[in-house]
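I need the structure of the sequence given here:
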Amino acid sequence: MSYREVASKQVLTWACVAIGARMPVAMAPLALVFLVRERSGGYSLGAALAAAYVIGEIVGAPVLGMRLRAERARPQLAAGLAGGAVGFAGLGAFPGAHPVILGAFAFLAGAAPAAAPGGLRTLLTSLVPERAAAQALSAESMLTFAVWAVSPAAVTGLALGVAPRVPLLLEAALMAAAVAGLWFLPEGWAAGEPEQDGTSKFRILARAWPVYVTGAASLSLLALAELVLPALLEQRGIGVGWAGPLLTAMSVASAVGAFVYGARSWPGLLRTRSAVLICGMAAAVALVALIPGAPGIAVALALAGLLQAGAMLTRNLSLREALPSGALAAGYSVMYAAVGAGYAGTGSLAGALLQVAAPSTAILAGVALTLTLTAVGWWGERRIDRSARAGDPLVVLDTVDSVASGPEGPAVGGGSDAERRL
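Sure, this is the predicted structure:
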């Protein structure tokens with residue numbers, strides 16, 4: 001398959017809606033810090049608001065994602081995005097409000113649209129042929145990394161050049177525009193039956209726990225790169241201002257990695273590919289902690305970004321393999337919460353270690369945690385696969401989409417099933 005099968009008017013419309021829904025997410029943490037930094041205890045309050053926002057995402061994604069229905073996807077997604085727009089608008093309109101009120105707005109802005117990433121991803125894959133799913137997910141990753149590369153500069157420029165409230169008001173406008181854009185897309189996607197032999201959706205989603213664990217592991221490395229990098233640069237005697245360009249380079253490398261991953265088929269089981277990519281990414285981040293000069297750090301971060309794209313895509317493809325089609329939107333939402341928890345957990349660990357250890361030590365400790373999570377996730381996927389092959393009814397996952405073509409569906413780029421080459 002090639003990217004030509006993904007290029008269509010509907011996919012372009014989807015991309016515009018996705019930008020409106022995801023750019024506010026990428027802008028939010030930094031925008032919240034700038035919003036209140038001039039108040040007494042501003043940086044601490046900004047961190048608390050960002051935490052409230054992330055907690056909202058972690059809570060909202062699984063709760064709302066499990067309630068998404070294919071036949072009612074548009075109004076459900078629209079309601080969530082509208083709620084997020086209200087939360088961002090409240091933050092921008094009342095920047096001097098009591099911290100509790102601001103925290104409530106931040107929580108709403110994070111929780112209300114938290115099911116949108118999973119719903120939009122499911123909608124995207126329904127707009128392309130099944131055999132082009134990998135290319136569609138690669139294109140989505142490229143779009144996501146581009147948004148994350150642009151957002152910090154946009155927030156900084158608007159907050160410092162215009163007014164601190166402007167980024168939040170822009171986020172509200174973007175989410176409102178995404179609500180309007182949903183009506184140019186299909187009502188939803190083909191409904192599937194998530195239940196098997198009376199099994200609840202919760203149990204079906206729980207069966208994919210190893211995928212969520214490795215998903216959390218992959219993003220925990222991003223937390224290390226983003227949150228500890230300024231302190232590491234200071235430790236190395238490098239200007240802290242280089243943190244922004246270095247992270248932008250990492251995002252650009254991730255976009256390139258997403259394109260390369262989707263351009264061809266790859267050998268090996270998905271779980272093996274994922275473990276190899278995350279371990280490679282962990283090694284690159286460990287090099288960031290050990291290399292003394294800025295050029296070497298830049299190369300290591302770019303390598304980590306290149307591998308991160310493939311790791312994220314293998315997790316999404318593994319989830320498509322592990323869950324029936326009717327549970328995919330909810331599964332993507334649970335994954336969103338899991339990776340958010342991984343980001344927050346590793347960031348908290350690194351922040352605590354920075355109080356008692358050097359930044360390089362904090363990064364290496366985070367890498368060790370990531371490798372542990374990766375090993376647990378790989379073991380869990382291997383165990384479930386063995387049980388499924390043995391016919392255990394409690395762990396046999398849906399195979400309707402893979403009966404004819406193997407566990408990953410039609411081979412990417414044509415040819416035989418890539419999953420059988422290990």
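
Nearest residue to the middle of the chain?
Centroid check for the chain by CA atoms, centre = their mean gives Tyr336 as the closest residue, at 5.8 Å.

Do you have the helices of the protein handy? List them.
With DSSP state H, the ranges of helices along the chain come out as 9-36, 42-65, 73-93, 99-111, 116-126, 133-161, 166-181, 201-206, 209-235, 243-262, 270-290, 294-322, 328-354, 359-389.

Serialize these to a markdown table and add fields for distance to Gly188 and mean pLDDT.
For the C-beta atoms, the positions are set from N, CA and C on the backbone; glycine is no exception. Shown next, in a markdown table, are the helices of the chain (distance: least, CB to CB, whole Å; pLDDT from 0 to 100):
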| stretch | distance to Gly188 | mean pLDDT |
| --- | --- | --- |
| helix 9-36 | 13 | 92 |
| helix 42-65 | 14 | 87 |
| helix 73-93 | 3 | 95 |
| helix 99-111 | 22 | 95 |
| helix 116-126 | 7 | 90 |
| helix 133-161 | 17 | 86 |
| helix 166-181 | 15 | 96 |
| helix 201-206 | 17 | 81 |
| helix 209-235 | 24 | 82 |
| helix 243-262 | 25 | 84 |
| helix 270-290 | 27 | 91 |
| helix 294-322 | 17 | 89 |
| helix 328-354 | 9 | 82 |
| helix 359-389 | 29 | 85 |
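
Please work out which of the ones you listed is packed deepest.
When neighbours are counted by mean count of other CB atoms under 10 Å, the highest per-stretch mean among the helices of the chain falls to helix 116-126, a mean of 25.

List the neighbours of that helix that are in contact with it.
With CB atoms under 8 Å, 6 or more residues apart in numbering as the test, helix 116-126 has contacts from 11, 14, 17-18, 21-22, 25, 61, 65, 68, 73, 76-77, 80-81, 84, 133, 136-137, 140, 178, 185-186, 188-190, 316, 320, 328-336.

show me what contacts the residue nearest to the centre of the chain?
Glu57, Ala61, Gly65, Ala114, Pro117, Gly118.

run the last query once more with 10 Å
Shown in contact with Tyr336 (CB atoms under 10 Å, 6 or more residues apart in numbering): 25, 57-58, 60-62, 65, 114-118, 121, 212, 215.

From Ala50, how far off is it?
Remark: distance between Tyr336 and Ala50 (CB to CB, to the nearest Å) = 17 Å.

mind listing what Ala79 touches?
Ala79 is in contact with Leu64, Arg72, Ala112, Pro113, Ala115, Val179, counting by CB under 10 Å, 6+ apart.

I meant Ala231, not that one.
Taking CB under 10 Å, 6+ apart as the criterion, Ala231 is in contact with Val240, Ala243, Ala350, Gly351, Leu354, Ala358, Pro359, Ser360, Ala362, Ile363.

now the helices of the chain in TSV, with distance to Tyr3?
Putting the helices of the chain into TSV (distance: least, CB to CB, whole Å) gives the following:
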stretch	distance to Tyr3
helix 9-36	10
helix 42-65	28
helix 73-93	25
helix 99-111	32
helix 116-126	13
helix 133-161	5
helix 166-181	22
helix 201-206	31
helix 209-235	23
helix 243-262	7
helix 270-290	20
helix 294-322	14
helix 328-354	22
helix 359-389	28
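
now, which of the contacts of Tyr336 sits nearest Leu158?
Val25 (16.3 Å; CB to CB).

Looking at Val400 now. What's its pLDDT?
The model reports Val400 with a pLDDT of 37.

now Pro129: how far from Glu140?
16 Å.

can you check Arg131 too?
The spacing between Arg131 and Glu140, counted by CB to CB, is 16 Å.

Surely Leu185 and Val17 touch.
Yes - the pair Leu185 and Val17 qualifies as a contact (CB atoms under 10 Å) at a distance of 6.6 Å.

Need the residues touching each of these two.
With contacts defined as CB under 10 Å, 6+ apart, the residues shared by Leu185 and Val17 are Leu77, Leu120, Leu123, Leu124.

Using JSON lines, lay out those together with distance to Gly257.
Compiled in JSON lines, the shared contacts of Leu185 and Val17 are given as follows (distance: CB to CB, whole Å):
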{"residue": "Leu77", "distance to Gly257": "28"}
{"residue": "Leu120", "distance to Gly257": "21"}
{"residue": "Leu123", "distance to Gly257": "24"}
{"residue": "Leu124", "distance to Gly257": "19"}
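
quick check, nearest of the residues you listed to Ala153?
Ranked by distance to Ala153 (CB to CB), the shared contacts of Leu185 and Val17 are led by Leu120 at 24.1 Å.

Pull up the gap between the closest one and Leu77, please.
7 Å.

One more: Val63?
Per CB to CB, Val63 is found 15 Å from Leu77.

Fine by me, thanks again.
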